[in-house]
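Trainee: missing the sequence, but the structure's below:
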């Protein structure tokens, strides 16, 4: 088999999309689906998951698809759940970058908490890298609702990611996760220049 065959194969591989795009009755704010979270490590406005979802929520989906999706330069949005998946994929990249500084699981958990509560831009605000893909929230109430929901997602993802990344015998972050910090999903990043 030739190299061109593998290049064609890799270029035609589709990105993973959220299974929650098909879920009905989900509220959206700013084009982001406010999906249920199986919140073990965070408190916030996210609804509780439906038992039919079998323990898989959008955070689990984002972590499961991260390593494959981070290689894509383009991502077709097929629903509001995909917008949340894109947001969480970029946040995972940012979180892994912060974990490079840590030497233990406790250090990673503290760093993830700090990152989750830092002020972050929302769609329509300066500094938000995905403004073309998202809608600006309609009013101040929706803005605060979206900020609270995304903060809960960030806290939940950070805790689960720290658990995954630090499953090494010495408790240090795994190089097999940290090697993905060099990849920029869609060529975008939540970290500004100089960070």
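Mentor: Received, thanks. Computed from a prediction, not measured in an experiment: that's the story for all the values here.
Trainee: now the residue most central in space within the chain. Nearest residue, chain neighbours left out?
Mentor: Geometric centre of the chain, nearest residue: residue 88, 1.3 Å, by Cα atoms, centre = their mean. Once flanking residues are discounted, residue 88 sits nearest to residue 62: 3.7 Å by Cβ to Cβ, 6 or more residues apart in numbering. From N, CA and C alone the C-beta is placed, and that goes for glycine too.
Trainee: can you pull the contacts of that neighbour?
Mentor: 85, 88-89, 92, 157 (Cβ atoms under 8 Å, 6 or more residues apart in numbering).
Trainee: give me the pLDDT for residue 122.
Mentor: Model confidence at residue 122, given as pLDDT, is 92.
Trainee: could you count how many residues lie near it?
Mentor: A count of nearby residues for residue 122, using other Cβ atoms under 10 Å, gives 20.
Trainee: contact partners for it?
Mentor: 30, 128, 137, 143, 146-147, 150 are the contacts of residue 122 under Cβ under 8 Å, 6+ apart.
Trainee: now name the helix or strand holding residue 159.
Mentor: Counting by DSSP states H and E, the element that carries residue 159 is helix 140-165.
Trainee: pull the distance from that helix to the chain's centre.
Mentor: A distance of 9 Å separates the centroid of the chain from that of helix 140-165, by Cα atoms, centre = their mean, to the nearest Å.
Trainee: could you give me the average pLDDT of it?
Mentor: So the average pLDDT for helix 140-165 ends up being 95.
Trainee: so which bits of that helix are buried?
Mentor: 142-143, 145-147, 149-162, 165 (16 or more other Cβ atoms under 10 Å).
Trainee: and what of stretch 175-184?
Mentor: 177-178, 180-181.
Trainee: ok, back up a step: hmm, the residue nearest to the centre of the chain is touching residue 59, no?
Mentor: Yes: counting by Cβ atoms under 8 Å, residue 59 is a contact partner of residue 88 at 6.7 Å.
Trainee: pLDDT weak spots in this protein?
Mentor: 1-13, 53, 192-195 (pLDDT under 70).
Trainee: which residues of it fall in strands?
Mentor: Assigned strands in the chain, in chain order: 28-29, 32-33 (criterion: DSSP state E).
Trainee: can you add mean neighbour count and distance to residue 40 and give these back as a markdown table?
Mentor: Listed next are the strands of the chain as a markdown table, based on neighbours: other Cβ atoms under 10 Å; distance: least, Cβ to Cβ, whole Å:
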| stretch | mean neighbour count | distance to residue 40 |
| --- | --- | --- |
| strand 28-29 | 20 | 24 |
| strand 32-33 | 23 | 20 |
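Trainee: so which of these gets nearest residue 97?
Mentor: strand 32-33 (22.7 Å; Cβ to Cβ).
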